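S.K.: sequence and predicted structure, then a few things I'm wondering about:
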Amino acid sequence: MEKKEREETISIPGEWPLNAYTFKADKVMDRYLEGLKNKRVLGVKCPGCGIIYVPPKPYCGRCHTKLRIDRTEYWVEVSDKGTVQALSIAEDSTVIAVQLDGADTNFPTVLREAKPEDVKVGMRVQAVWVDEPVGRFDDMAYFKPIEE
Ligand SMILES: [Zn+2]
């Protein structure tokens, strides 16, 4: 098939409800959740630019390549330890964005066992697992600070 040159860029006003897709891509999460069941955190490496997504997603946000969640060789195990990238402290809870060691992305989670005044970007943390993981996002119940 011959490629046609596009003469102009077309802009169409409208909304793109990205969050509507977040949890519909079940297959993307299957292997990730299976890993959690065994207290292992898995990420998927972008075949285009090489960054590692934890949790995985269907497309790379940086280079727009489709991530090959169907191919075992693109899955990598990362640590359950990581570094706080951002934080939000409320009266009764502290939410952090954590980047796990070996991953290039971060995700929001709850930090406990820390005094609010001690919580900082760059702080080292580790997942606290539930006793019997079942393959759910909250198998990593929360994160706590660690000394290294
Ligand atoms: Zn990429």
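M.R.: Perfect, thanks for sending it. Keep in mind that what you see is a predicted model, and the values were worked out from it rather than measured.
S.K.: hmm, R124 and I146 touching each other?
M.R.: Yes. With contacts counted by CB atoms under 8 Å, I146 reaches R124, the gap being 5.2 Å. To be clear about C-beta, it is placed using only N, CA and C from the backbone, and glycine gets the same treatment.
S.K.: between the two, which has more neighbouring residues?
M.R.: Each of I146 and R124 has its neighbours counted (other CB atoms under 10 Å); R124 has more, 15 against 12.
S.K.: give me phi/psi at that one?
M.R.: In terms of degrees, to the nearest 10, the main-chain angles of R124 are phi -90, psi 130.
S.K.: OK, contacts around it?
M.R.: Counting by CB atoms under 8 Å, 6 or more residues apart in numbering, R124 makes contact with 81-84, 145-148.
S.K.: how far away is it from E34?
M.R.: Applying CB to CB, to the nearest Å, the value for R124 to E34 is 27 Å.
S.K.: also E113?
M.R.: Applying CB to CB to E113 and E34 gives a distance of 28 Å.
S.K.: pLDDT on stretch 54-65, on average?
M.R.: The average pLDDT within stretch 54-65 is 94.
S.K.: who's in contact with it?
M.R.: Contacts for stretch 54-65 (CB under 8 Å, 6+ apart): 25, 28-29, 31-32, 41-44, 46-49, 51, 53, 66-67, 69, 78, 100, 102-103, 105, 107, 137.
S.K.: can I get the buried part of those as one ChimeraX selection?
M.R.: A single ChimeraX command suffices to select whichever of these are buried according to 16 or more other CB atoms under 10 Å:
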select :28,29,31,32,41,42,43,44,46,51,53,67,69,78,100,103,105,107
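S.K.: now, which of the contacts of stretch 54-65 lie within strands?
M.R.: 41-44, 53, 78, 100, 107 (DSSP state E).
S.K.: what does the chain put close to the ion?
M.R.: Contact residues, the chain versus the ion (CB under 5 Å from the ion): 46, 48-49, 60, 62-63, 65.
S.K.: what's the closest of these to E73?
M.R.: C46 (12.8 Å; CB to CB).
S.K.: check what pLDDT E15 gets.
M.R.: pLDDT recorded at E15 is 64.
S.K.: and if you look at the one 5 residues further on?
M.R.: For A20, the pLDDT comes out at 50.
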